[in-house]
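>>> Provide a 3D model corresponding to the input given below.
(one chain, ligands or ions: 1)
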Amino acid sequence: MHAAETRLSREAITRLIGAAVLAPSPHNSQPWIFRVRGRCIGVIADRTRALPANDPDDRELTLSCGCALFNLRVAAAHAQLGTQVHGPSGACDPDCLARLEILPDAAPDAALAALHDAMAERRTYRKTFAARPVAPAALDALVAAATSEQAWLHVLQGDSQRRMAAELIAEGDDAQWADPAWRRELAAWMHPRRRGDGLVLPDLAVPLAQAVVRTFDIGHGVAARDVQLADASPVLAVLGTRGDDLASRVDAGQALQRTLLTACRHGLQASFLNQPIEVAPLRMRLLQAIGQTGYPQMLLRLGHAENHLSATPRRPLDDVIEFVPEGSPDGGC
Ligand SMILES: Cc1cc2nc3c(=O)[nH]c(=O)nc-3n(C[C@H](O)[C@H](O)[C@H](O)COP(=O)(O)O)c2cc1C
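Next comes the predicted model:
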């Protein structure tokens with residue numbers, strides 16, 4: 001990878017994209033395509049993988065692509081390549097959320113390269129965390145990670161903020177589970193591992209689990225469990241942005257991934273309780289509860305994992321990469 005002539009080979013680009021797809025995405029939907037043209041990798045929203053009930057305006061889809069973009073930057077820096085990000089190119093292609101231009105002669109970003117191993121170590125950890133506090137220095141690093149990507153991270157302070165957040169999480173669970181379309185969508189993304197995407201269940205459990213989720217509103221039970229998880233989490237934090245347009249959402253994704261990888265470097269894992277952001281009327285109530293301005297994008301819980309989880313599956317890279325011959329017309333991505 002270090003020899004100049006191999007830097008931008010198909011193999012080298014494919015390695016970068018292999019890191020990009022390790023990014024998280026809601027329901028593990030992996031809603032991205034990487035369009036490669038010479039030294040540019042376009043991150044394209046794959047809206048065939050959208051979640052209209054859970055994410056009606058593709059906000060989380062955009063965040064996921066932002067996470068993948070951040071991984072591209074980390075992988076490029078680790079490969080000693082400089083990069084420049086170009087924002088959404090709405091005029092020429094509304095699905096092109098960003099382009100990463102590789103600048104082989106520019107200095108790689110050492111701080112990004114240091115996050116490389118965390119890409120494979122990161123997991124969405126939905127279990128109860130160890131009852132160990134998170135060191136203040138780690139919290140400072142998480143806040144700095146989000147801030148350096150044009151976002152903010154607000155760590156919930158005191159019993160009252162945490163209690164209000166837990167109440168909104170429970171309300172969000174109730175609202176989502178009461179919606180048959182939301183339950184049908186969740187059920188449709190419950191997959192056996194061999195499918196390479198979705199929320200993984202053992203092969204034999206899939207049909208029954210799908211039927212239960214489709215048929216029954218178990219919102220109260222889920223809410224009770226989520227409140228317990230929130231209460232037992234050493235850290236609850238909201239990641240937000242000043243704006244809520246396309247570029248802000250891509251930024252939010254990059255900030256989320258930088259925060260998650262930084263957390264890994266401090267021995268922490270995270271998972272998400274996004275219900276109060278996904279259920280539109282609760283979003284501004286969450287903002288008021290934490291006394292911030294702007295737009296909440298993710299509600300995270302963080303702590304030390306007690307168990308090692310195996311990685312969730314990803315689709316084959318051939319399904320997500322398009323190599324476009326240089327010089328073919330399109331004006332952007
Ligand atoms: C924008 C976004 C929203 C997410 N929302 C939730 C959520 O509400 N609840 C949850 O349990 N996981 C949520 N996830 C985590 C995904 O389910 C997870 O990333 C996916 O299953 C892949 O697993 P991994 O993160 O361990 O690689 C979200 C991820 C992203 C990027």
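
>>> what's the residue in the stretch 1-150 of the chain positioned nearest to the ligand in contact with, if anything?
In the stretch 1-150 of the chain, the residue found nearest to the ligand is residue 24; the distance is 2.8 Å by CB to the nearest ligand atom. (Glycine included, C-beta is placed from N, CA and C.) Neighbouring residues of residue 24 by CB atoms under 8 Å, 6 or more residues apart in numbering: 64, 67, 122, 124, 256-257, 260.

>>> got it, and residue 276?
165, 168-169, 171-172, 282-283, 285-286, 296, 299.

>>> what do you get for residue 147?
Counting by CB under 8 Å, 6+ apart, residue 147 makes contact with residue 153.

>>> give me that answer again for 10 Å
Shown in contact with residue 147 (CB atoms under 10 Å, 6 or more residues apart in numbering): 153, 255, 258-259.

>>> how about stretch 63-75 as CSV, C-alpha atoms only?
Output of stretch 63-75 as CSV, limited to C-alpha atoms (Å, rounded to 0.1, in the frame of the first residue of the first chain):
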residue,chain,number,x,y,z
LEU,A,63,-25.9,9.7,9.3
SER,A,64,-24.9,6.1,8.5
CYS,A,65,-23.3,7.3,5.2
GLY,A,66,-21.5,9.9,7.3
CYS,A,67,-20.2,7.2,9.5
ALA,A,68,-18.9,5.2,6.5
LEU,A,69,-17.3,8.4,5.1
PHE,A,70,-15.5,8.9,8.4
ASN,A,71,-14.2,5.3,8.2
LEU,A,72,-12.9,6.0,4.7
ARG,A,73,-10.9,8.9,6.1
VAL,A,74,-9.5,6.8,8.9
ALA,A,75,-8.5,4.0,6.5
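
>>> ok, which residues in the stretch 51-200 of the chain are in contact with the ligand?
Taking CB under 6 Å from any ligand atom as the contact definition, the stretch 51-200 of the chain meets the ligand at 60, 63-64, 67, 123-124, 126, 199.

>>> Check for me that residue 94 belongs to a strand.
No - Residue 94 is assigned coil when assessed by DSSP: H, G, I helix; E, B strand; the rest coil, not a strand.

>>> Isn't it up against residue 62?
No - taking contacts as CB atoms under 10 Å, residue 94 lies outside contact range of residue 62: 11.2 Å.

>>> Mind listing the shared neighbours of those two?
With CB under 10 Å, 6+ apart as the test, residue 94 and residue 62 both reach 45, 88, 246.

>>> The first one and residue 180: what is the separation?
Distance of residue 45 to residue 180, computed by CB to CB, to the nearest Å: 27 Å.

>>> So between those two, which is more surrounded?
Taking neighbours as other CB atoms under 10 Å, residue 45 and residue 180 compare with residue 45 leading, 22 against 12.

>>> Can you tell me the closest non-neighbouring residue to the more buried one?
Closest residue to residue 45 apart from its sequence neighbours, by CB to CB, 6 or more residues apart in numbering: residue 95 at 4.5 Å.

>>> Tell me both backbone torsions, phi and psi, for that neighbour.
As for residue 95, its main-chain torsions (degrees, to the nearest 10) stand at phi -90, psi -10.

>>> That one contacts residue 47, correct?
Yes - between residue 95 and residue 47 there is a contact under CB under 10 Å: 6.7 Å.

>>> Now do the shared contacts for the two.
Taking CB under 10 Å, 6+ apart as the contact rule, residue 95 and residue 47 both touch residue 58.

>>> Report the contact partners of residue 317.
Residues counted as contacts of residue 317 (CB under 10 Å, 6+ apart) are 14-15, 17-18, 20-21, 34.
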